[in-house]
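**Student:** Let me see the structure of the following:
(chains A and B)
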Amino acid sequence: MKKILTCAVLCAGLVGFTACNDFLDEEPRSSLTLESYYQTTNQIISNVNYMYRNGVPDMLSNMTGAYRGSSASVQCMLTGYFTNAFEGQEVDCSYARRLVRQDYTQSVCNYQTNDVWKNCYKIINIANGIIKHIDGVSEMSDSDKALYLAETHFFRAWNYFYLVKMFGDVPMVTEPTEDATEIQYPTRTAQSEVYTNVIIPDLKDAVENLPAATFTSNGHRVTKYAAEMVLADVYMMLGQYADAAPLLRDVIENSGASLLTNDDKALNSAYNKLRTTDDSAESIYAYEYDGSIANTGNLPTHAFNGDAEAFFKESTTGSKYSLWVNVFGVSSTYLNVYEDGDLRAQPNQFFHWTYEHPIDHTTITFSSPQNWYWYDYDAIINTGIGTKDWNIYRYAEALVSGAEAIAQSEGVTADAARYLAEVKARASMDGEDVSTIASRLQGMSKQAFIEECWKERLREFPLEMKIWDLCLRTQKFPSISNETAGQVTFVDLIGATNGSGATFKSTDLYWPIPVEEIQRNPNLTQNDGYARQ
Amino acid sequence: MKKEPNFRNSMKISSLLLATAFTAFAVPANATGLGTDGNDNMSIQETQQTKTVTGTVIDAAGIPVIGANVLVKGTTNGTITDIDGNFTLEVSSGDVLEISYIGYVSQEFPVGNQTQFNVTLAEDTQALDEVVVVGYGTMRKSDVTGSISTAKGTDLLKAQNFSALDNLRGKAAGVNIFSNSSQPGAYGSRVVIRGQATINASSDPLYVVDGVVMENFYLMNPNDIESMEVLKDASATAIYGARGANGVIMVTTKRGNKGEGIRVSYDGSVSVAHRSRKMDTMNAQEWCDAFMTGLANENKWGSHTVDGVSVPFEWSLNPADWFTDRRFFDENGNPLYDTDWQDEAMRVAVSHNHQLNIQQGGEKSSMGAFLNFTDQQGILRNTYSKRLNAKIAYDADPTKWLSTSVNLSVNHTWGNSTTESGGSQDARRTMIEMLPWLPVQYDGIYTSSATASMPMNFEAMSNPVHILETQKNKNFNTKIFGNAALTFHIIEGLDLKTQFGIDANLRNNQSYTPSDLLNLGYDQRGVASRYSANSLYWQEETYLTYNKTWNDHRLNAMAGLSWQARTYDYSYMYTKTFDDDIFQDYNMEAGTVPNPPESLYQRWAMNSYFLRFAYTYKDRYSATVTARVDGSSKFGENNKYAFFPSAGLAWNITQEDFMKDFENISNLKLHTSYGLTGNSEIGVYQSLATVASGTTLLNGTRVSTSYLDALANSDLKWEKTGQFDIGFDLGLFNNRIALEASYYNKKTTDLLLDSPVPHTTGYTTIYRNIGSIRNQGVDLMLTTRNIETEDFSWTTTINANFNKNEVLSLGENDEDILMNGFLNGYSILRVGESVGSFYGFKRYGVWTEEDYKAGKCEKNQIGRAHRSEEREILGKGTPDWTGSMINTLRWKNWDFTLDLQFVAGVQTVQEFYHSTYDRFGQTNGLTDILYDAYNGTNPGTMQQAIYLFNTGHADQDTQFDSQWVCNGSYLRANLIQLGYTFDSDQLKKTPFSSLRLYFNVNNAFCITAKDFNGFDPESTSQIDSSNGVTSASQFGQNMTFFSYPRARTFTLGVSVAF
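**Tutor:** This is a model prediction of the structure:
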């Protein structure tokens, strides 16, 4: 009996007490934890890298969806000049275009603002974490610390800038949240304070500490000049043109970037080079795409509307895509921003009306302008993989912004006129040179010149999602003639009739704070005109 | 009979041992004591002529009952049945034979002139001395204070489903089994016991097979199952502590024989399945008519925006102008083909199942070997699942103080399936949406939406036959499951058992989507992927049990400790863009655009201590107390361990003296319990601030990215469920009527909620213990033996569960949690509502011409949906009522089963209305469009006028609204079975000792709401894929975009023993 008992107890003891003390410890092998993070230079760099493709850069550039374009593209629909062909399904596009977002707060939040809010604050929290911890990374050199801190500041400011443009006052969070005990329920901070306390100081640091190099030579990382472009945008948004002008001058004179030129006025024009060429001289900042790591998704299919399906189907060589949706259909009225003789309004520059299959030579004619700027021959015919980088800032914008900032703060100077003239000259069909145009521009009144700069922005960047920012900044709406080419009048934004016949109300300036966020944080107020729930 | 060891001296020791005690099973009436030597006990008083009688004892399923007692009433003259259920006994003609077996109703037969007795024993669900399996042991059913449902393996096997879970459906009250897919082997059924009590932790019950926890239970071979016990209330489940809150399903598998000899038996079946229901889609001519109606509507009311200006449509209304492809239409625009894509995609599926059991028994050891092969075809082409399963069980008593037990099974299942989740143009979708005027092939090439050239575009899709025949999605699962146990019989009644068990799962998936499948692999030019997910779970449990009966006292005590751990390893590869489709996933380096490879490692561990103390006085008053301390690696360092106690009481009123006057009441027992159980089934590492690491494109190359991806929560702890249960068991007229009923109220607090936080923190959610949910309801089980004669019997079993679920509180601010978003509709978690509620717009009707004239809408809104501006709760996918009614009839050798299953108080969302109504023109749609849609004369209709969704047309408004929601209740003929059991006379000249043939119809019919237009109201397109296993998402029940059609199955089967 004793034997049995001993044997049994031993058996039990053997299995029962051999377990180690750390049996219940968790040691993830597939991920680091906070304790082991922010320790090495590589960790900081990989953390900074994340901000390059999430948050604002993504919202400006990501046109890769099948049925809708970027977040910024939907904002431009407020002007009424652009229509998503699938707006019956992507309803926020329709609500924005018809200025009825206030009646559909929940839907607008679902489709648009939830993601913007979430993604911007995610990046802001990441930036706050780097700012808090970078000093403690002992192995990192001071110069590296300054460099990556500057990049971090750049992205934090840029995300805040996007938020205040969309929502007005927003919570200003400058400390990272890392533990359940640190969760805050902040109220909205006046946007002026967000500008003063975060956006401007962050960008100033970025301008100071980022390399004065071209985008390409700097390994496609942000440069001093990219930061100057953003900071100039910020100053112009605040009406501080005198602060913006020197930044833009620096970009124009010193960045090493330049305008691309026309080899011909057809498929070898500068605009076609912008369409096809990555890392061009004109690029100040772009969102990269390539064939293997991140391609442009459905972007090539947005160069056509759904009629292309039947067209490619009939052609013997076909195409590599099956679903064609013009997610940013430009109205014919909009094309009247161009005067006669503007190269950019010619077929196969920014737009096209008739497409000839490059192999079959069959053609299709569209009833409305389609976006040639996104046409990617190789992707559509050969590979099904678009690789073209998305231009975020290019030299032409420095010129247009520079001209305006100088005019606003110093008057129509020779520099201002020349900057604007360079952009115009490139688009001139009859070959007018810069000095001729410049001298004509210099003769304009200050207000006329400024408006000319605005028009030039509409002409030069119709498909780069810069239009709504212009309306918001100037509080003017470009009322484009239905009949007369080049006839654009700027009227007060509030009360203006947009391109789809809807009238701007004061509540149309901002988007609704996500109702989901208000539920999570009842300390938030809703923007006027929108439902809280 | 085992010799009793002398244990006087050991009493002292035993009292020291953790107060462990164990009730000796009151040796049942069939006591082996009668033994095989019963034959020797000849009746002494032979007043009448003796003769030899023989007989066979079988159960309702025709299986021989081994070891049944055959006794001459009032004497000790008796015997037990042998391995084939046969007996021989010397009796007198005036004697009465009494035949009994544990768990069955005893029967008496006057001998008279009869010499052959063929006896079918009916199960006695109320038997006092029936034994049920509980956690870490067994108990007399009469002593149990908790709520436990039992299902016998033979009942479970009747339906011949691929999965044991489908077999269990409707067999246990309070156990909801959502069989969302008819696709064999592809998706596990969802099981919810007594309502869903959790949000982000798993709601699956714990499956304990022969004492070992099993994952992927749906893959287990149902033919190996002897019985299943479902533990529902806290008194029963709290012994499983932190893993018990969702209920526990205890599975006992088959083993060797109890009696001497070798028994070989074979069960086989062949099934033929076809679709039980079709969706009513338009044929070719109807499609053309609807298209022309759409054009006319657009001309009449529609407008499109050209340069921001509204312009009316002016479409030609001549069909010949539209249907211009002369390969498919004649000169007048009439279609030349008419394809029923559902018929083309579906098939008559043939399946077969073979189970061979070899069981041996002996004095000191027994052994069983069990082999299974199952080949089940799905009713969609090229979908199937096959299973090869082998199991060996060996039990031995090598010495009087030691028993050993070994059980090992190897299960390999493999099959091909088609996607059932998401919204892409998969076969289950295009078999409805594909244009009916296209043939399956034209010129030997599969047609697609791109085949025809006409002045309109279509949704890019491939035809379903093409997809099913060429797309590959193969799963390979290998499960090695087993345990080894040593039981030391220390002193009488005191046993020490130590058991080690493993559950290893190797799962591989191989898939390839060819480059010619539009909208699936076309743009990618071929997509190949493979993954491999391997898990290894082990547990070691050691416990002492003590059983003792003295005078009026019975004690059953148990105490033990447990270690368990699971490691999980996953890898994934994906590549696309191939030059040709030859390689599929067999040469992935040929794909030119690979994704980065993925891999993952996870581990969790638990360490537990548990105790049960059950005491019964005079067979009348029972009390059970259990306690468990669990420690889990998954929780915050401040809360690694937690305590889960329970207490239960039972009162067997029938045993009271005053009940002797109530002869009709054969059984009355009250029981009640309260206890705490936990849920720890969340992912690993949730209390830690973890970093997400990956790569991205920068400077033309792949660079690393990382960021802090989760907030730390050192206080993260168990979800706790407090459950109160009260119920009674009532048996009337010698248990001819038996009713079990219990009420429960479960409140789950400290929900492991992936709770929303303000996004300004940089995060969306954090795992916190916030919020609570209540489930309360009633389980009922009524068994009536309506008729019971020697030749004819009829038994009815009704079981039902009513459950009310309510979210009591959520995160910090009771925020709504929206999930499963689809066109502005969701499933929502909202305080005051049931989990799994639907949330969307309400449809009031359509805007009419009258509305337009009255200035209520614009012209181009005529015929479009008139909806509420804000969303509201539109219903819920979790039913109030679930249950079944099972009738079993036996007439002589024939038996008949009718198993009806019902679900009520539930809604279902027909998400497929999005494309079958609202996207018409680009796709095919439901025939109702032609008759119900607004046409200017039917202002009361709910159905939008036809506007074409083709590019350049007016586009239908498509939003998730109340029009998509319909009553999801149903009544299903789960199983109809007719069986014939041959008696031993008939088998004399055959090698068989028993033989039964049967014929089944599964899902013979299903009655649904009239406005339900899909295949089956119980289905979902919301699928969670975690750990390489796909199953229905917790909150997406009855939200169906398109589903795999449900089969009606006819089965011919045989059970034979040699």
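**Student:** list the buried ones in stretch A:398-417?
**Tutor:** Residues of stretch A:398-417 classed as buried: A:398-409, A:412-413, A:415-417 (neighbour count, 16 or more other Cβ atoms under 10 Å in any protein chain shown). C-betas here are computed from N, CA, C, even on glycine.
**Student:** Could you export it as PDB, CA atoms only?
**Tutor:** Extracted C-alpha coordinates of stretch A:398-417, given in PDB (Å, rounded to 0.1, in the frame of the first residue of the first chain):
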ATOM      1  CA  ALA A 398       6.500  76.900 -56.100                       C
ATOM      2  CA  LEU A 399       6.400  79.300 -59.000                       C
ATOM      3  CA  VAL A 400       2.600  79.900 -58.800                       C
ATOM      4  CA  SER A 401       2.600  80.200 -55.000                       C
ATOM      5  CA  GLY A 402       5.700  82.300 -55.100                       C
ATOM      6  CA  ALA A 403       4.200  84.700 -57.600                       C
ATOM      7  CA  GLU A 404       1.100  85.200 -55.500                       C
ATOM      8  CA  ALA A 405       2.900  85.400 -52.200                       C
ATOM      9  CA  ILE A 406       5.200  88.100 -53.500                       C
ATOM     10  CA  ALA A 407       2.300  90.000 -55.100                       C
ATOM     11  CA  GLN A 408       0.300  89.800 -52.000                       C
ATOM     12  CA  SER A 409       3.100  91.100 -49.800                       C
ATOM     13  CA  GLU A 410       5.300  93.200 -52.100                       C
ATOM     14  CA  GLY A 411       3.100  93.900 -55.100                       C
ATOM     15  CA  VAL A 412       3.500  92.800 -58.700                       C
ATOM     16  CA  THR A 413       7.300  92.600 -58.800                       C
ATOM     17  CA  ALA A 414       9.400  91.500 -61.700                       C
ATOM     18  CA  ASP A 415      10.100  88.300 -59.800                       C
ATOM     19  CA  ALA A 416       6.500  87.600 -59.200                       C
ATOM     20  CA  ALA A 417       5.700  88.300 -62.900                       C
END
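**Student:** Do a quick rundown of the helices in the stretch 301-450 of chain A.
**Tutor:** A:307-314, A:377, A:395-410, A:414-426, A:434-442, A:446-460 (DSSP state H, counting those that start in this stretch).
**Student:** what about the longest one, distance to the chain center?
**Tutor:** Averaging C-alpha positions (Cα atoms, centre = their mean, to the nearest Å) puts helix A:395-410 20 Å from its chain's average.
**Student:** Now do that helix, average pLDDT.
**Tutor:** Regarding helix A:395-410, the rounded mean pLDDT is 97.
**Student:** Out of the helices of the stretch 301-450 of chain A, indicate the one that is most buried.
**Tutor:** Of these, the one with the most neighbours on average (mean count of other Cβ atoms under 10 Å in any protein chain shown) is helix A:395-410, at a mean of 25.
**Student:** How about residues contacting it?
**Tutor:** A:229, A:232-233, A:235-236, A:241-242, A:244-245, A:248-249, A:251-252, A:255, A:257-259, A:281-284, A:413, A:415-417, A:419-420, A:422-423, A:446, A:449-450, A:453-454, A:456-457, A:460-461, A:466 (Cβ atoms under 8 Å, 6 or more residues apart in numbering or on different chains).
**Student:** Could you tell me which residues of the stretch 51-200 of chain A lie near chain B?
**Tutor:** A:52-53, A:80-81, A:83, A:85, A:88-89, A:91, A:103-104, A:106-107, A:110, A:117-118, A:121-122, A:124-126, A:128-129, A:171, A:173, A:176-180, A:182-186 (Cβ under 8 Å from any Cβ of the partner chain).
**Student:** likewise the stretch 251-400 of chain A?
**Tutor:** So the stretch 251-400 of chain A meets chain B at A:288-295, A:305-307, A:309-310, A:313-314, A:320-324, A:331-333, A:367-368, A:383-385 (Cβ under 8 Å from any Cβ).
**Student:** Listing request: residues of chain A with sub-threshold pLDDT.
**Tutor:** Low-confidence segments of chain A (pLDDT under 70): A:1-21.
**Student:** In it, which residue sits nearest chain B?
**Tutor:** A:N125 (2.2 Å; Cβ to the nearest Cβ).
**Student:** Can I take it that that residue is in a strand?
**Tutor:** No: A:N125: not assigned to a strand; according to DSSP: H, G, I helix; E, B strand; the rest coil it is helix.
**Student:** can you pull the contacts of the residue lying closest to A:A438 once chain neighbours are set aside?
**Tutor:** Distances taken as Cβ to Cβ, 6 or more residues apart in numbering or on different chains place A:A421 nearest to A:A438, at 3.8 Å, with adjacent residues excluded. A:A421 is in contact with A:434-438, A:441, counting by Cβ under 8 Å, 6+ apart.
**Student:** and which of those is nearest A:I44?
**Tutor:** Nearest to A:I44 out of the contacts of A:A421 is A:V434 (Cβ to Cβ; 45.0 Å).
**Student:** shouldn't that closest one be in contact with A:S428?
**Tutor:** No: between A:V434 and A:S428 there is no contact under Cβ atoms under 8 Å: 9.6 Å.
**Student:** Quick one: mean pLDDT over stretch B:361-381.
**Tutor:** 93.
**Student:** Then stretch B:75-93?
**Tutor:** 83.
**Student:** For that stretch, output the C-alpha coordinates as PDB.
**Tutor:** Output of stretch B:75-93 as PDB, limited to C-alpha atoms (Å, rounded to 0.1, in the frame of the first residue of the first chain):
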ATOM      1  CA  THR B  75     -35.300 -15.000  -8.500                       C
ATOM      2  CA  THR B  76     -31.600 -14.900  -8.800                       C
ATOM      3  CA  ASN B  77     -31.800 -16.900 -12.000                       C
ATOM      4  CA  GLY B  78     -30.300 -14.700 -14.700                       C
ATOM      5  CA  THR B  79     -27.600 -14.100 -17.200                       C
ATOM      6  CA  ILE B  80     -26.200 -11.200 -19.200                       C
ATOM      7  CA  THR B  81     -26.100 -10.700 -23.000                       C
ATOM      8  CA  ASP B  82     -23.000 -11.500 -24.900                       C
ATOM      9  CA  ILE B  83     -21.100  -9.400 -27.400                       C
ATOM     10  CA  ASP B  84     -23.900  -9.700 -30.000                       C
ATOM     11  CA  GLY B  85     -26.600  -9.000 -27.500                       C
ATOM     12  CA  ASN B  86     -27.700 -12.600 -27.400                       C
ATOM     13  CA  PHE B  87     -28.600 -14.600 -24.300                       C
ATOM     14  CA  THR B  88     -29.600 -18.100 -23.400                       C
ATOM     15  CA  LEU B  89     -31.400 -19.000 -20.200                       C
ATOM     16  CA  GLU B  90     -33.200 -22.000 -18.600                       C
ATOM     17  CA  VAL B  91     -36.600 -20.900 -17.500                       C
ATOM     18  CA  SER B  92     -40.100 -22.200 -16.700                       C
ATOM     19  CA  SER B  93     -43.000 -21.300 -18.800                       C
END
